[in-house]
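Asks: mind folding the following:
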Amino acid sequence: MQTIDVLIVGAGPTGLALAIDLVRRKVPALVIERADALFPGSRGKGIQPRTMEVFDDLGVLDAILDSGGVYPPVVIWQGGKPQRQHQMFDTVAPSEAEPYTAPWMVPQWRTQQILLDRLRELGGDVAFGRELVSLTQDADGVTASLSCGADVRARYLVAADGGRSTVRQRIGIGMAGETVDEHPILVADVRIPALDRDSWHTFPPRGETDGFLAICPLAGTEDFQLVAQFRDGAPLDLSIDGIRRLVSSRSHLACEQLTDVLWASDFRPRAALADRFQERRVFLAGDAAHVHSPAGGQGLNTSIQDAYNLGWKLDAVLRGRADAALLQSYEEERRAVAAAVLTLSSSVHRGEVRRGQATQQLGLGYRTSSLAVETREGLPDDALHAGDRAPDGRRGGLRLFDAFRGPHWTLLTVGADVSLPPLSLRTIRISAYEAYGTGVFLVRPDGYIGWAGDTAAGLESYTARFGSTLVDSNS
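Replies: Numbering: from 1, shown residues only. Modelled structure (predicted):
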């Protein structure tokens with residue numbers, strides 16, 4: 001029987017991001033994937049600003065930037081002619097504190113390949129063609145039986161196996177939700193050489209039984225993502241001939257102008273949330289825990305940030321740096337975020353909320369978490385609090401994100417000449433900075449502020465609460 005610290009079920013963006021975070025911390029982790037290769041489609045193509053910051057920390061941002069591009073303007077066609085255009089996203093200007101503010105388009109298959117390449121660079125890998133059949137838990141770990149006949153013994157198991165999660169079903173966690181749109185959606189990766197790649201081409205419904213058609217050039221490729229809604233109740237035809245007829249009937253394009261269908265699927269937009277994210281030694285992450293409408297590009301990003309939240313906590317517990325109770329904060333923090341993002345995704349789908357600042361995910365945080373301790377009093381709501389994302393910035397030739405990058409905690413003093421307790425922490429001091437105000441800030445490994453104060457009074461009690469969790473992982 002193979003033994004491992006963490007078994008990750010599913011090699012999508014969630015599972016791969018978690019594996020990278022664990023392997024870079026020297027945590028033995030195994031990713032199994034029932035398919036023989038990575039997911040081949042473009043489905044989750046939008047990388048939101050907060051996820052770009054996560055990718056910076058995980059060491060894949062340069063590859064993501066090199067492989068994608070900005071979203072083109074939306075052009076609306078009628079009568080075979082382009083009529084008007086608009087931007088899909090409200091423009092938000094970048095700042096010193098928020099260097100990334102616009103979504104970046106990368107097809108999901110390419111994002112996953114970049115993550116897999118990084119995992120292999122760090123010494124990890126994925127075991128393809130391995131399907132989880134059953135699992136049992138006891139006080140010390142999880143035993144997973146695989147379709148190949150082998151068993152794997154792990155101290156913890158993370159389900160990153162999608163909305164129809166086998167793991168979630170095996171451990172009996174329910175998932176409640178609603179259909180956001182009763183009309184089915186077809187999504188496909190296609191090639192249409194005759195169509196220009198400077199616009200996101202949209203074709204409004206021509207009649208009551210038609211739905212919309214949208215054809216978006218996929219940055220960094222020769223392909224387009226085609227999305228079509230169906231209202232007539234007829235079965236969806238995912239064949240190349242069926243998709244050609246669809247394009248011909250709803251646009252000015254002829255059947256033969258669509259030369260290839262690389263991947264196709266269908267779904268009904270749904271919003272659903274798992275009843276809980278943890279069952280003893282098993283955790284749910286990504287679509288296994290929450291399913292979103294694709295509107296607003298929130299699902300993949302929320303999923304990757306699940307992994308980013310869980311990775312450092314598993315490391316701390318497995319190394320004996322923290323009590324296992326720390327792992328309960330994963331559900332406490334991420335389930336609340338997922339619930340809020342589900343509401344946002346559904347609102348964007350219905351046209352109630354514009355894409356832009358609301359969908360960046362930079363404002364998501366953990367102020368109410370048991371891990372967030374704010375010792376300053378009378379702070380206005382728009383001030384930086386414990387639980388908030390730690391802003392970027394440059395002071396004295398130092399970029400804060402460079403200082404935060406890596407699997408460690410960071411103790412930051414801002415415009416405060418205060419004495420600090422003798423802790424084995426990476427410590428930096430900078431002058432006053434508007435994004436922070438002044439004070440002492442303890443930044444978690446996932447870039448959120450765990451503790452904040454005008455002075456260091458109370459910091460030692462916070463570190464004692466979490467044992468040696470806060471010791472620099474590199475020390």
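
Asks: tell me where the stretch 151-300 of the chain has helices.
Replies: 166-170, 240-250, 299-318 (DSSP state H, counting those that start in this stretch).

Asks: just name the most buried of those helices.
Replies: With neighbours defined as mean count of other Cβ atoms under 10 Å, those peak in mean count at helix 299-318, which reaches a mean of 26. (Each C-beta comes from the backbone N, C-alpha and C, glycine too.)

Asks: list the contacts for residue 308?
Replies: 17, 21, 54, 57, 58, 446 (Cβ atoms under 8 Å, 6 or more residues apart in numbering).

Asks: go on, residue 211?
Replies: When contacts are counted by Cβ under 8 Å, 6+ apart, residue 211 touches 183, 205, 228, 229, 230, 231.

Asks: which of the residues you listed are buried?
Replies: The neighbour-count criterion (16 or more other Cβ atoms under 10 Å) marks 228, 229, 230 among the contacts of residue 211 as buried.

Asks: any idea how far residue 111 is from the last one?
Replies: Which is residue 230. Distance of residue 230 to residue 111, computed by Cβ to Cβ, to the nearest Å: 28 Å.

Asks: again with the first one
Replies: Plainly put, residue 228 is 23 Å away from residue 111 if you go by Cβ to Cβ.

Asks: could the contacts of residue 308 go into JSON lines alongside distance to residue 311, neighbour count and secondary structure?
Replies: What follows is the contacts of residue 308, written out as JSON lines (distance: Cβ to Cβ, whole Å; neighbours: other Cβ atoms under 10 Å; DSSP: H, G, I helix; E, B strand; the rest coil):
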{"residue": "17", "distance to residue 311": "8", "neighbour count": "33", "secondary structure": "helix"}
{"residue": "21", "distance to residue 311": "3", "neighbour count": "27", "secondary structure": "helix"}
{"residue": "54", "distance to residue 311": "10", "neighbour count": "24", "secondary structure": "helix"}
{"residue": "57", "distance to residue 311": "11", "neighbour count": "20", "secondary structure": "helix"}
{"residue": "58", "distance to residue 311": "9", "neighbour count": "24", "secondary structure": "helix"}
{"residue": "446", "distance to residue 311": "8", "neighbour count": "23", "secondary structure": "coil"}
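
Asks: residue 89: which of the residues you listed is nearest?
Replies: residue 54 (19.5 Å; Cβ to Cβ).

Asks: buried residues in the worst-scoring helix or strand of the chain on mean pLDDT?
Replies: When each helix and strand of the chain is scored by mean pLDDT, DSSP states H and E, helix 459-465 comes last, with a mean of 85. Of all the residues in helix 459-465, those buried under the rule 16+ other Cβ under 10 Å are 459, 462, 463.

Asks: now do stretch 2-14
Replies: For stretch 2-14, burial by neighbour count (16+ other Cβ under 10 Å) applies to 4, 5, 6, 7, 8, 9, 10, 11, 12, 13, 14.

Asks: check stretch 207-227 too.
Replies: Residues of stretch 207-227 classed as buried: 210-221, 223-227 (neighbour count, 16+ other Cβ under 10 Å).

Asks: what about residue 79, distance to residue 356?
Replies: Residue 79 is 30 Å from residue 356, where distance means Cβ to Cβ.

Asks: just to check, residue 167 is in contact with residue 132?
Replies: Yes. If you go by Cβ atoms under 8 Å, residue 167 and residue 132 touch, sitting 6.5 Å apart.

Asks: now do the shared contacts for the two.
Replies: Common neighbours of residue 167 and residue 132 (Cβ under 8 Å, 6+ apart) are 9, 161.

Asks: ok, residue 79 and residue 356, which is more surrounded?
Replies: Legend: neighbour count by other Cβ atoms under 10 Å for residue 79 and residue 356, higher for residue 356 (17 against 7).

Asks: break the chain into its domains for me.
Replies: 2-68+106-177+271-359, 70-98+182-268, 373-470 (automatic domain parsing).

Asks: check those domains for me and report the most buried one.
Replies: Buried most deeply of these, by mean count of other Cβ under 10 Å, is domain 2-68+106-177+271-359, with a mean of 21.

Asks: end to end on that one, go ahead and measure it.
Replies: 42 Å (Cα to Cα, to the nearest Å).

Asks: over to stretch 368-388?
Replies: One end of stretch 368-388 sits 10 Å from the other (Cα to Cα).

Asks: need the phi and psi values for the residue of the chain most remote from its centre.
Replies: Distance from the C-alpha centroid of the chain peaks at residue 79, with 39.0 Å (Cα atoms, centre = their mean). Dihedral angles of residue 79 (phi, psi; degrees, to the nearest 10) stand at phi 60, psi 30.

Asks: out of the buried residues of helix 459-465, the closest to residue 305 would be?
Replies: residue 462 (23.4 Å).

Asks: now residue 405: how far from residue 426?
Replies: 11 Å.

Asks: anything in contact with each of the two?
Replies: By Cβ under 8 Å, 6+ apart, residue 405 and residue 426 have no common neighbours.

Asks: can you show me the CA trace of stretch 328-336 as PDB?
Replies: Taking Å, rounded to 0.1, in the frame of the first residue of the first chain, the C-alpha atoms of stretch 328-336 are listed here in PDB:
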ATOM      1  CA  GLN A 328     -11.400  23.700  10.800                       C
ATOM      2  CA  SER A 329     -10.700  27.300   9.700                       C
ATOM      3  CA  TYR A 330     -10.600  26.100   6.100                       C
ATOM      4  CA  GLU A 331     -14.400  25.600   6.000                       C
ATOM      5  CA  GLU A 332     -15.000  28.600   8.300                       C
ATOM      6  CA  GLU A 333     -13.200  30.900   5.800                       C
ATOM      7  CA  ARG A 334     -13.800  29.400   2.400                       C
ATOM      8  CA  ARG A 335     -17.500  28.300   2.700                       C
ATOM      9  CA  ALA A 336     -18.500  31.900   3.500                       C
END
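
Asks: so how far is that stretch off the chain centroid?
Replies: The chain centre lies 15 Å from the centre of stretch 328-336; the measure is Cα atoms, centre = their mean, to the nearest Å.

Asks: now do stretch 277-286
Replies: On Cα atoms, centre = their mean, the centre of stretch 277-286 falls 17 Å from the chain's centre.

Asks: got a list of contacts for that stretch?
Replies: 10, 12-15, 18, 135, 137, 141-142, 155-160, 162, 165, 167-168, 171-173, 274, 276, 289, 302-304, 306-307, 310, 327-328, 330-331, 334-335.

Asks: which secondary structure elements does the longest helix belonging to the chain sit against?
Replies: Ranked by residue count under DSSP state H, the longest helix found in the chain is helix 328-349. Here helix 328-349 touches strand 270-274, strand 278-279, strand 290-291, helix 299-318, going by 3 or more Cβ pairs under 8 Å, 6 or more residues apart in numbering; DSSP states H and E.
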